[in-house]
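1. pasting the sequence and the predicted model now:
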Amino acid sequence: MGKLKLSPQDSQSRAYDSHLLSALNPQQRLAAETIDGPVLILAGAGSGKTRALTYRIAYMLEQGVQPWNILALTFTNKAAREMQERIAKLTDPELAHSIWAGTFHSIFARILRIECKYIGYDSAFSIHDSDDTLRVVKSVMQSLHISQQEFSPQMIRGSISKAKNDCVSWQQYDREKTGPYEHQVALVYAEYEKRMRRSNAMDFDDLLVNIIRLFDNNEDVLNKYRQRFSHVSVDEYQDTNQAQYRAVKLLVEPQNNICVVGDDAQSIYRWRGADIRNILDFERDYPNATVIRLEQNYRSTGTILKAANDVIKNNERQVAKNLWTENPEGDNIVLMHCQDERHEARSTASSISDCHMREFATYNDFAILYRTNAQSQPIEEALRMAGIPYRIVGGVSFFRRKEVKDFVSWLKLLVNPHDDEYVSRAVAEPPSGIGKKAMETAQAIASEHDQPLLQVFREARKYAELSRFANNLTAFAEKVFAFAGKSSTMSLSELAEMVLLESGLEKRLKDIDEEGDRLRNAEQVITHMSEVAAENEDITLTEYLEQVALVEEDTNKSENRDAVTLMTLHSAKGLEFPYVYLLGLEQGLFPLGKSDQNPDELEEERRLFYVGITRAEKALRISTCGRRFRFGETMPSSPSQFLQELDDSYTTVVGESASRSRQSSGMFDSSYNSRPVRKTYGRSRAKPDDTPVRKKLSFEELTAKSAGAAKKAPGGIAKGVKVQHPTFGTGTVQAINGSGDNTVVLVNFSSGQLKKLVLKFAKLTVVK
DNA sequence: TATTGTGTCTTTTTT
DNA sequence: AGACACAATA
C-alpha cells in the first residue's frame, strides 16, 4: 500500500529544525505546526497531504497533546488504519494506538453505543447495512400499499438517505414535499423511522443523524466529547455531507481546533450526499482559518500529471490550482484498444508479467482499477491463468452473501430481538412455517400497537387475527428467547455454533446445496469470529457484529504477500502505485450509464478519472474495448469521451481497432513504451474468436481465493470433450456459456440426462 | 397458506 | 447471474 517516502522532500530544511518536521516542505511544515485554530489544507493529488496530516498529529504528541484527545476522521477504514500505522512509525505505537482514528461511521457508532440512552435507544441497537435498509423500505411500502412497480424501492431508499444526509427529518420532509413522488417518500420515510425506532435499529445514515441529535439535545454529553477531543482532523473533507459537516462543527466549537484536508478535484461522492461547498466555504465557516496549499506533486511523472491536468481542466466547476512536479517526464501513457473484456484482461495480465520482469518490480507495485466491481471477473481469470497473484479490495463482500447474511441475521437477532428486519430474515431461512400472510398480519398488529414484531409473535394468542398462525409464531419466539437465554454462558464461537445448528440453518444449507459451499461459508463466519476473538479477548457479540457491519472485511491474513491489487476507482482514492492500469474507458461504462447527459454527473465521472490517473507514480496504461459483455449479452462499446481529453503528444496508442481484430485475435501488444512488442499469449491462444474457447480451468483454479497457488491443471473442457461427474457419471460437453466464475457447461450424460452445470462448482474431470 | 418453481428486471461507486 | 415478484403445487 502507500509507502512512507523516506527521502526528504526538501533539501533546504534548516539544521536547527525539529528532527520530526525536517522531512517536510515549507507548506507541509506549516500545516504540521499549526495545531491550534482552524486549518484548511488544500492538497492536490500526490502532494503529501496524508504525510502532512500524520506528521501534524505526531507533532501534537511531541508537543504534549494527549493521544486520547486527538480525533482523526477518515472515509475508509483503510485510511484510518494506514494513518495510525504511519503515526506509530513516527512516534510510539502505544501512543498511536490511543488516538481515536476511524471512519465517521465507526467513531460515531462507538459514541452512540455509550450514550444512546439519551436519545431513546438501547445500547444493543443493531446497525443496518444498505441491503437491510432496502428490505425495510420494501416491507414498509408493502404495509402502506404503495406500489413497488410505480415507485422503485431503491429510489425511495435513496431519497430517504439523501434527506438524512441533508439533515432533513421526516417531519420536515413531509412539510416541504413538493410533488407526488415526494409525497410517497414522505409516507415511507415516516413509517420507516417509526419502524427503525421500534426495532432499536440504526442505518448508516442514522449514525450521523443521531450523533447530531445527541449533541443538540444533551449539552453535558456534548461538552464531554468537546473536552475529550481537543484536536480534530478530517481527511477527504471534500467528500463530507451536510450531516457530517454539522456533527464535526458541533464537536469542535468553540475552540475550533480543527484541521481539514481535501481537494475539490477529487470529490467523488456527490451521489452519497457529499457537498463540495463544505470545503469551499470552510473559510467562511471558520473565520481566521489558516489556509495552506500543497501544490507540489511528489508522486507522479510529469507526463502523468500533464494528463491529469488536461482532463480536469474540462470541468467548469473547480477551484483554480496549480499542481506541478519536479519529477522527470517519464514514459508515455499507453492507450490500449482491445476487442473485448477478455482480451483486455489477458493483455493487462501479460503487460504486468512483462513489466514485472523488465522493471524488477514487485506485484505490490501494480494496481488494476475499474469503474464497477463486476469488471473484476475476467481480470481475475486472466491473472489466475497467467499465474499472477492478486488481491481484491471490496467487491462482492463475503458478508453480503445470502447464506452468510442469513446466519449473521440470527446472531444479530440474539443481540437485539426487537429488530423486525432480522426477525423477518430469520423467519424465512430456514423456513419456519411462517409465511407471507402471517407476517403481514403480525406486522400490521405490530405497527398498530407500536410494538416489536417478536413481541407480537410471543403474544400471538392474544390477537384473534393471529390465532391461525399462533402455534408457529409462538414457537419461533420461544426459540429466539431460548437462544438469547443461553447466550450469556457461552463463548462467542460456541454460541454461533449452537445457533447454526439449532436454528436449523445448518440442516437447511446441507439440503439446498449439495456441494456444501454455502454451509462452509456459514462456518467460515465462526472461524472469522474465533480469529477476531483471539486478537481481542473480551470482544462482545455486539462489538463483533458492529465490526462486521462497519469495517470492510479485512482480507488481512494475506495482506502482506506480494500481489497485484484489484479495486474500483472509488476504493483507490488516497492510494498510490508505481504502475496503474485503468480499465474499461468506454462510453456508458466510464462515464457510467447516462451520466454523460447530466453535466454534474459527468463532471463527477471526470473527477473519478482524474483520481484514477493520479494514482500512478511511474506508468499508466489505459484500455478500452470494442465490445463488452454487459447486461447478459455482448454489446458494441465505444471509447470514452474522456480519452479525447488526453493529448497525442504523450499518448502511445496500441492494439487493433475492433474492425481489424479478427484475424489477429490472441495477438496483442503489451509494452509500456512506444516499442510495440508482439507476442503470442499462452500455448493454444491464437484462435479466431468464434471457435469455442478452450477452457483450461480446474476446479481448484476457479475456486482458489488467490492465484498464488494457481497451478495449471489443464482441464481442457471444451465442446465435444468427454467428462466425468461424481454423481452423474460420464457425459459429453454440448455447449459452454459465459466466462469466468459464470461459465456454464451443458453436458449430455450417458444416463440420458441433459444437465446444465456451473463449471465453478461442478467437479468435472476430463475423460480421455 | 407455505413452499417451490419460473419468469423478469437489474447492476455504480461506499459507510 | 442473482434476487425478487408472481404463479403453480402440496
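-> Looks like it came in fine. Residues are numbered from 1 along each chain as shown, chains lettered A, B, ... in the order given.

2. so where is chain A shaky, pLDDT-wise?
-> For chain A, residues meeting the criterion pLDDT under 70 lie at A:1-18, A:395-397, A:513-515, A:552-560, A:631-632, A:656-768.

3. between the two ends of stretch A:506-520, how far is it?
-> 10 Å (Cα to Cα, to the nearest Å).

4. in that stretch, what counts as buried?
-> Of the residues in stretch A:506-520, those scored as buried under the neighbour-count criterion (16 or more other Cβ atoms under 10 Å) are A:E506, A:R508, A:L509, A:R518, A:L519. Using the backbone N, CA and C atoms, a C-beta is placed for each residue, glycine as well.

5. one more: stretch A:169-182?
-> With burial defined by 16+ other Cβ under 10 Å, the residues of stretch A:169-182 counted as buried are A:W170, A:Y173, A:D174, A:K177, A:E182.

6. what residues are up against the residue most central in space within chain A?
-> For chain A, the residue sitting closest to the mean C-alpha position, by Cα atoms, centre = their mean, is A:G394 at 4.6 Å. With Cβ atoms under 8 Å, 6 or more residues apart in numbering as the criterion, the residues that contact A:G394 are A:N373, A:E552, A:M567, A:T568, A:S571.

7. the stretch 501-650 of chain A: strands as residue ranges?
-> Remark: strands assigned in the stretch 501-650 of chain A by DSSP state E, counting those that start in this stretch are A:564-568, A:577-582, A:616-625, A:627-630, A:633-636.

8. to clarify, my last question referred to the stretch 101-250 of chain A.
-> A:126-128, A:201-203, A:231-234.

9. what segments of the stretch 351-500 of chain A are helices?
-> Using DSSP state H, counting those that start in this stretch, the helices of the stretch 351-500 of chain A run over residues A:376-386, A:402-415, A:420-428, A:436-449, A:453-458, A:470-486, A:492-502.

10. how about the ones you listed in TSV, adding mean neighbour count?
-> As requested, the helices of the stretch 351-500 of chain A are arranged in TSV below (neighbours: other Cβ atoms under 10 Å):
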stretch	mean neighbour count
helix A:376-386	23
helix A:402-415	22
helix A:420-428	23
helix A:436-449	17
helix A:453-458	23
helix A:470-486	16
helix A:492-502	18
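
11. out of these, the one nearest DNA strand C is which?
-> Nearest to DNA strand C among the helices of the stretch 351-500 of chain A is helix A:402-415 (4.2 Å), distances taken as Cβ to the nearest atom of the strand.

12. give me the contacts around that closest one.
-> Surrounding helix A:402-415, the residues in contact under the criterion Cβ under 8 Å, 6+ apart are A:124, A:126, A:131, A:398-399, A:419, A:421-423, A:425-426, A:429, A:480, A:483-484, A:487, A:495-496, A:499-500, A:503, A:505, A:509, A:518-519, A:521-522, A:524-525, A:541-542, A:545, A:548.

13. check whether that helix contacts DNA strand C.
-> Yes - for helix A:402-415, a contact with DNA strand C is found by Cβ under 7 Å from any atom of the strand, at A:K402.

14. that helix to helix A:492-502, inter-axis angle?
-> What separates the directions of helix A:402-415 and helix A:492-502 is an angle of 110 degrees, with axes from the mean of the first three to the mean of the last three Cα atoms, to 10 degrees.

15. near DNA strand B, anything from helix A:402-415?
-> No - counting by Cβ under 7 Å from any atom of the strand, no contacts exist between helix A:402-415 and DNA strand B, the nearest distance being 13.5 Å.

16. could you report the neighbour count for A:E253?
-> Applying the criterion other Cβ atoms under 10 Å, we find 12 residues in the vicinity of A:E253.

17. tell me the phi and psi of it?
-> Main-chain dihedrals, A:E253, degrees, to the nearest 10: phi -70, psi 150.

18. hmm, back to that, the contacts of A:G394 also near DNA strand B: which ones?
-> Answer for the contacts of A:G394 near DNA strand B (Cβ under 7 Å from any atom of the strand): A:N373, A:E552, A:M567, A:T568, A:S571.

19. any chance of a ChimeraX selection covering the buried ones in these?
-> Buried residues within the ones next to DNA strand B among the contacts of A:G394, as defined by 16+ other Cβ under 10 Å, are selected in ChimeraX through the command that follows:
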select /A:373,567,568,571
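
20. tabulate the ones next to DNA strand B among the contacts of A:G394 (a markdown table), appending distance to A:R270.
-> Converted to a markdown table, the ones next to DNA strand B among the contacts of A:G394 look like this (distance: Cβ to Cβ, whole Å):
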| residue | distance to A:R270 |
| --- | --- |
| A:N373 | 20 |
| A:E552 | 21 |
| A:M567 | 20 |
| A:T568 | 16 |
| A:S571 | 17 |
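
21. tell me the one of the ones next to DNA strand B among the contacts of A:G394 nearest DNA strand C?
-> A:N373 (12.1 Å).

22. the closest one reaches A:T568, doesn't it?
-> Yes - between A:N373 and A:T568 there is a contact at 6.0 Å, judged by Cβ atoms under 8 Å.

23. can you redo the strands of the stretch 501-650 of chain A as a markdown table with distance to A:K462?
-> Written out in a markdown table, the entries for the strands of the stretch 501-650 of chain A read as follows (distance: least, Cβ to Cβ, whole Å):
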| stretch | distance to A:K462 |
| --- | --- |
| strand A:564-568 | 51 |
| strand A:577-582 | 62 |
| strand A:616-625 | 63 |
| strand A:627-630 | 53 |
| strand A:633-636 | 55 |
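
24. take the ones you listed and write them to CSV, including distance to DNA strand C.
-> Supplementary listing: the strands of the stretch 501-650 of chain A in CSV, determined by distance: least, Cβ to the nearest atom of the strand, whole Å:
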stretch, distance to DNA strand C
strand A:564-568, 18
strand A:577-582, 24
strand A:616-625, 19
strand A:627-630, 10
strand A:633-636, 9
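
25. nearest to A:R299, out of the ones you listed?
-> strand A:616-625 (5.4 Å; Cβ to Cβ).

26. which strands and helices lie in contact with that closest one?
-> Strand A:616-625 makes packing contacts with helix A:302-312, strand A:333-338, helix A:341-358, strand A:577-582 when contacts are defined by 3 or more Cβ pairs under 8 Å, 6 or more residues apart in numbering; DSSP states H and E.

27. lovely, talk soon.
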